[in-house]
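# take a look and give me a structure for this.
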Amino acid sequence: MKNLIQENWCANQLPGIDSIVYPNGKLTILNCHSIYNPNSQERNIYCSPLCDTTIESLENYHSDCWTNVDAWTSIDYQHGKIYGGAGAMGNEGFLACVDANEGLVWGIFFENSNPIKKLTITEKTLAAINEHEDMRIEIDLDRLVNIEMTYIR
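Numbers count the residues shown, from 1 in each chain. Predicted coordinates:
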């Protein structure tokens, strides 16, 4: 059985939906949405796991799910790297952890984060800032589904 995730990662592609992907074919669909209150002009954004599935199941219904990703930044992590960058559309961003051989450990795609341009790691929390410096994404590296997104201006 071919490894669709790793094959596409080697071609600089990830599934172009809010999700976390793993090289074993597992996919966690994320529910990411923002709320704007016009009265207070307050914006909030939320991201939580919706369900687990497989890349094969996703491709069954959406064979053209892959999108190109372009790394803009990286940070060393556990003998490999974590990359951040852009998807094919201007509103998309991604994060991906690779091992020392550039093999994908996990990838996270966001449809509406804008490209990721800054990364820091404090203890076991990855913080990512988008290109407009108006969104911060914090991810628990021990439990990737714990994602906190915040508008910072």
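# so where do the helices sit in the chain?
For the chain, helices defined by DSSP state H occupy the ranges 4-10, 55-61.
# got the phi and psi for the residue of the chain most remote from its centre?
In terms of distance from the mean C-alpha position of the chain, residue 39 ranks first, at 31.2 Å (C-alpha atoms, centre = their mean). The main-chain torsion angles of residue 39 are listed as degrees, to the nearest 10 and equal phi -70, psi -40.
# for it, give me its contacts.
Residues in contact with residue 39 (C-beta atoms under 8 Å, 6 or more residues apart in numbering): none are found. (Each C-beta comes from the backbone N, C-alpha and C, glycine too.)
# can you tell me how far it sits from residue 20?
The spacing between residue 39 and residue 20, counted by C-beta to C-beta, to the nearest Å, is 34 Å.
# same deal with residue 117?
Using C-beta to C-beta, one gets 20 Å for the distance from residue 117 to residue 20.
# same check on residue 42?
Remark: distance between residue 42 and residue 20 (C-beta to C-beta) = 28 Å.
# what's the pLDDT at the residue positioned nearest the centre of the chain?
Among the residues of the chain, the one closest to the centroid is residue 108, at 2.3 Å (C-alpha atoms, centre = their mean). Per-residue confidence for residue 108 comes out at a pLDDT of 98.
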